[in-house]
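Engineer: Provided below are the primary sequence and the corresponding predicted coordinates.
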Amino acid sequence: MEGLRENMKFWRMANVYWCVLFISLGIFVSQWEFNVTATRSESASRMLAYAVLGIGALLILFIQLAWRYYLAGKGTNKKVEPKRKAGQGNLV
């Protein structure tokens, strides 16, 4: 059970890392001054950058959710049913 707690702690820290990374990249894109002569419009370039960030964030989200459900299943498989006392059978 201790290994599961360590894995969950690592999972939470990975989530914090990805959140900080994508929020900081979003702030960077919003503050970035695009070269208008190199692109057709600044708003189109900004929307394209946000779209790339959004697709990356969704990919990471799906990976994190799959990892979470894998860890949750790993924890439930280790649970042991309480032992029954001698003489107690299955009650129907």
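Structural biologist: Received, thanks.

Engineer: low-confidence ranges in this structure?
Structural biologist: Within the chain, the ranges that satisfy pLDDT under 70 run 1-2, 36-39, 75-92.

Engineer: which residues touch the residue positioned nearest the centre of the chain?
Structural biologist: Residue closest to the mean C-alpha point of the chain, counted by CA atoms, centre = their mean, is residue 64 at 3.1 Å. Contacts for residue 64 (CB atoms under 8 Å, 6 or more residues apart in numbering) come out as 11, 14, 15, 18. Backbone N, C-alpha and C define where each C-beta goes, glycine included.

Engineer: And it, how close does it get to residue 42?
Structural biologist: The spacing between residue 64 and residue 42, counted by CB to CB, to the nearest Å, is 32 Å.

Engineer: likewise residue 68?
Structural biologist: In this view, residue 68 and residue 42 are 38 Å apart by CB to CB.

Engineer: same deal with residue 55?
Structural biologist: Between residue 55 and residue 42 the distance is 21 Å, computed by CB to CB.

Engineer: ok, these two, which is more surrounded?
Structural biologist: Comparing residue 55 with residue 42 by neighbour count (other CB atoms under 10 Å), the higher total belongs to residue 42, at 13 against 10.

Engineer: Just give the nearest non-adjacent residue to the more buried one, would you?
Structural biologist: Spatial nearest neighbour of residue 42, chain neighbours left out: residue 34 (4.6 Å); criterion: CB to CB, 6 or more residues apart in numbering.

Engineer: sorry, back to before: any of the contacts of residue 64 buried? List them.
Structural biologist: Among those, those buried by neighbour count (16 or more other CB atoms under 10 Å) are residue 18.

Engineer: Sort out for me which of the contacts of residue 64 are in helices.
Structural biologist: Mapping the contacts of residue 64 onto helices (DSSP state H) picks out 11, 14, 15, 18.

Engineer: from those residues, which is closest to residue 30?
Structural biologist: The nearest member of those to residue 30, counting by CB to CB, is residue 18 at 18.6 Å.

Engineer: Assess the claim that the closest one and residue 60 are in contact.
Structural biologist: Yes - counting by CB atoms under 8 Å, residue 18 does reach residue 60; the two are 5.1 Å apart.
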